[in-house]
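1. pasting the sequence and the predicted coordinates here, then a few questions.
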Number of protein chains: 4
Amino acid sequence: MGEKRNLHPLSDEQSAPVRDLAARERILATTLRVLSRVGYAKATIGGIAQEAGVGKATVYRSWPHKAALTLDAVRAQLPDIPVDDLDDSPREILAVARALAGLYGAPQVRAILPALISDAATDPELAHRLRTELVEPRRDRSATVLHRAVTRGALPADTDVLTLLDLWAGLMLFRSVVLCDPLDDRTVHSLVSAALAAPPRLP
Amino acid sequence: MGEKRNLHPLSDEQSAPVRDLAARERILATTLRVLSRVGYAKATIGGIAQEAGVGKATVYRSWPHKAALTLDAVRAQLPDIPVDDLDDSPREILAVARALAGLYGAPQVRAILPALISDAATDPELAHRLRTELVEPRRDRSATVLHRAVTRGALPADTDVLTLLDLWAGLMLFRSVVLCDPLDDRTVHSLVSAALAAPPRLP
Amino acid sequence: MGEKRNLHPLSDEQSAPVRDLAARERILATTLRVLSRVGYAKATIGGIAQEAGVGKATVYRSWPHKAALTLDAVRAQLPDIPVDDLDDSPREILAVARALAGLYGAPQVRAILPALISDAATDPELAHRLRTELVEPRRDRSATVLHRAVTRGALPADTDVLTLLDLWAGLMLFRSVVLCDPLDDRTVHSLVSAALAAPPRLP
Amino acid sequence: MGEKRNLHPLSDEQSAPVRDLAARERILATTLRVLSRVGYAKATIGGIAQEAGVGKATVYRSWPHKAALTLDAVRAQLPDIPVDDLDDSPREILAVARALAGLYGAPQVRAILPALISDAATDPELAHRLRTELVEPRRDRSATVLHRAVTRGALPADTDVLTLLDLWAGLMLFRSVVLCDPLDDRTVHSLVSAALAAPPRLP
DNA sequence: AAGTAAACGAGACGGTACGTCGTGTCTTCCG
DNA sequence: CGGAAGACACGACGTACCGTCTCGTTTACTT
């Protein structure tokens, strides 16, 4: 899985020529450090640049604004969704749900994701990257596991997998970020058993 | 009843825009206007004050920051949840779900709510007001309708009403705000019928 | 004579309202200090502002650029031309010439005037202020003395006073600033005696 | 052609290893073009390099800063002082004065010379080149003509030639650059006839 | 003729200053 | 005397150049 290879470029193509790749990595690492130290709102590009020992222009050359930089910085740090075939769909699904809960419950995500979503409201490019680079990969991997469960008969054939996943993601986002409730394992279990018992169906 | 007696009785109430409203009202109205014109990110307290014909200090006297001002301004404008007893729980529940969809699908909410949530991440006071003044009133009124359905037997006695509502709110928030998907009526219907058929249960 | 009164305003009219007059004075004083410490080229508005304990915006509110600020700062510090009637035109004229030599020979002027002239090349407003606030007042006062000499018969009636003064100023400027030659008293004496003996005549 | 042999070593002065001599010329030509288009203040080395189709380093390899580059670029463009023996000193001197007026009155000089003088205030090396490469050659040639006039008896034997020239240069510089007055031919004539009638004498 | 070292174009790099903007406080002055 | 108007200190913004540097790519001289 070549995730690691793809750390540096801003997007896949239009990336600017970069002489000192180390600078890029240093900036991303510093960004994570600064974000966790002072939070998104108080982080500044100037501050990150200075702490990374880099000119501001070097940051702006690669990222148009704080949100894009943040997105790149956190992207690789986020836990992924396990898709391993355990030959046991309930266990696999529980693992997926736990991974989602770990994601949406992570302090880093709770602190940063709302800001990214908020900035995305006025920046369609950012909104697109947020969806295609953060949300959809995880949604796809989660869906893989659920589709396998459908194939195995652990879920009905007309299970609305995407709605199920959006319900989960939404609830976790809502509870964790909006209500500031912790996502405990009981909640995760409830969601999984409810889903196995009566998942949403395609119309 | 406003504590403000009508100091300028001549103008009565046919007075067109905002000229002789109390400063507070004028500020809130201007805030809404500015927000819808330039968006949350580009709105500034100074700009709002100027447009409201008010000193900045007058704004700061009543609201500590833009988020609080925004919260007050939008609060009254948001559609509420209908709790009327129609003697028909499915119809009542559908009305609730539609109201929620209207809420989370509203352009204003999609543009502003993420910013408020984001700011709330670093301002517990704001987070608290967000929950108690925006979310919980609507959750309570929605729960009222669902509890009535339980009482009537339209939903099982051990229905987990709050989880059901959080699933709905979360899905709507996630789809509308994060995925930028529209909340169409088919989706609302699916949610309602799925809930009526197999709601989440208390553990 | 009310020179002192007129220290603060940028020009005579369009001056912005200023709350804290002390800030203005502090900025001008700091400007002089910084100029003499690091020179015109290395002085920065940000640095002056910081050293004056003032925001950059406060400086920009009153002066559009470094040159204007410098002009205001040095204006009052420059030696003036003595016009006192000594009942002895040769002595009066010598005093004028010495004052001019002191002016153009002053290290401060040698360091700053060229920069102002240079900036004035691309800023007609600055060029105008340079002429009307620095050059012409001194030229006028010098001319007063020479005209008095004409009246007294110490100079011929058709003496071209302005050309005489421009020859002096030019020579001093050229020798002191361009050639970096010192303006010694012998030179001044020569100029004065040559002028008394054979001044330039009006055509 | 022997130019090619002279790659790096025994060049004119301090050895500018230049492979492509054309580059040097192209840079100087571009410099003049840029200077006349945007002025000294807004000209940048990066911009000149780019417009000359040359790397910035290539410029820096030959000139330490904008002023030195400008000096080299304008040096060859400036009109020279005619020293031809016309067997008529008044006519020769008038030609000299006109050449000086053409020099100091040229828009290019008015725009650039103050900047060079200003930069020279903080760069002794530049100041030295300014004097030895721009001023003194012209002063020397002018002095040649005046000394010839002395030899011929058109000027007194104790004429202070250098002071006379500095008076002329200074007046022209002052009027043209500082006062923005045009140097018309009447002025030149006045200067010349006044000099012939009563030149400054050596002490 | 191939090999090698330099000078080259291009432009990324770490910096510094720019001039603007928004913040939240504080002062002036008007109605 | 309250409030609009906005000056104020502060600090981040994003841009422009600076002068240095590191890349390949010519180019001109070895061998």
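-> Nice, I can see it.
2. middle-most residue in chain A, spatially?
-> Most central in chain A under Cα atoms, centre = their mean is residue A:134, positioned 4.0 Å from the mean C-alpha point.
3. Provide the secondary structure category for it.
-> Under DSSP: H, G, I helix; E, B strand; the rest coil, the three-state class of residue A:134 is helix.
4. flag every buried residue along the helix or strand that residue A:110 is a member of.
-> In this assignment (DSSP states H and E), residue A:110 forms part of helix A:107-120. Under the neighbour-count criterion of 16 or more other Cβ atoms under 10 Å in any protein chain shown, helix A:107-120 has A:109-120 buried. From N, CA and C alone the C-beta is placed, and that goes for glycine too.
5. which one of those is nearest chain C?
-> Within the buried residues of helix A:107-120, the smallest distance to chain C is 26.7 Å, found for residue A:119 (Cβ to the nearest Cβ).
6. quick one, what contacts that closest one?
-> By Cβ atoms under 8 Å, 6 or more residues apart in numbering or on different chains, the contact set of residue A:119 is A:65-67, A:126, B:41.
7. of those, closest to chain D?
-> Nearest member of the contacts of residue A:119 to chain D, counting by Cβ to the nearest Cβ, is residue A:65, at 25.3 Å.
8. could you pull up phi and psi at that closest one?
-> phi -160, psi 170 (degrees, to the nearest 10).
9. show me the shaky parts of chain A.
-> Low-confidence segments of chain A, defined by pLDDT under 70: A:1-19.
10. can you give the domain ranges for it?
-> A:12-73, A:89-197 (automatic domain parsing).
11. close to chain C, is the first one?
-> No - judged by Cβ under 8 Å from any Cβ of the partner chain, domain A:12-73 and chain C are separated, with a smallest distance of 14.0 Å.
12. packing partners of the helix ranked longest in chain A?
-> In terms of residue count, the longest helix belonging to chain A (DSSP state H) is helix A:21-42. If you count contacts as 3 or more Cβ pairs under 8 Å, 6 or more residues apart in numbering or on different chains; DSSP states H and E, helix A:21-42 packs onto helix A:45-52, helix A:56-62, helix A:66-75, helix A:107-120, helix B:107-120.
13. skipping adjacent residues, who's closest to the residue nearest to the centre of chain A in space?
-> Counting by Cβ to Cβ, 6 or more residues apart in numbering or on different chains, residue A:75 is the residue found nearest to residue A:134 once chain neighbours are left out, at 6.6 Å.
14. for residue A:149, give me its contacts.
-> Per Cβ under 8 Å, 6+ apart, neighbours of residue A:149: A:89, A:92-93, A:155, A:159.
15. now the residues you listed: which count as buried?
-> A:89, A:92-93, A:155, A:159.
16. can you lay out those as CSV showing distance to residue B:200 and secondary structure?
-> Below are the buried ones among the contacts of residue A:149 laid out as CSV (distance: Cβ to Cβ, whole Å; DSSP: H, G, I helix; E, B strand; the rest coil):
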residue, distance to residue B:200, secondary structure
A:89, 20, helix
A:92, 21, helix
A:93, 16, helix
A:155, 17, coil
A:159, 16, strand
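17. spell out which parts of chain A neighbour DNA strand F.
-> Neighbours of DNA strand F within chain A, by Cβ under 7 Å from any atom of the strand: A:19, A:44-47, A:55-57, A:60, A:65-66.
18. can you give me phi and psi for residue A:88?
-> Torsion angles, degrees, to the nearest 10, at residue A:88: phi -160, psi 90.
19. my understanding was that residue A:196 contacts residue A:154; is that so?
-> Yes - Residue A:196 sits in contact with residue A:154 when judged by Cβ atoms under 8 Å, with a separation of 6.9 Å.
20. common neighbours of those two, please.
-> Common neighbours of residue A:196 and residue A:154 (Cβ under 8 Å, 6+ apart) are A:90, A:93.
21. how close does residue A:148 get to chain C?
-> From residue A:148 across to chain C, the span is 62 Å (Cβ to the nearest Cβ, to the nearest Å).
22. for the residue in chain A that DNA strand E sits nearest to, give me its contacts.
-> The nearest approach of chain A to DNA strand E comes at residue A:55, 2.7 Å away (Cβ to the nearest atom of the strand). In this structure, residue A:55 makes contact with residue A:49, judged by Cβ under 8 Å, 6+ apart.
23. now do it against residue A:63, distance only.
-> Per Cβ to Cβ, to the nearest Å, residue A:55 is found 14 Å from residue A:63.
24. same question, residue A:152
-> 44 Å.
25. okay, those two: which has more neighbours?
-> A count of neighbours by other Cβ atoms under 10 Å in any protein chain shown puts residue A:63 above the other of residue A:152 and residue A:63, at 21 against 13.
26. touching, that one and residue A:56? I think so.
-> No - Residue A:63 is beyond contact range of residue A:56, at 11.1 Å (criterion: Cβ under 8 Å).
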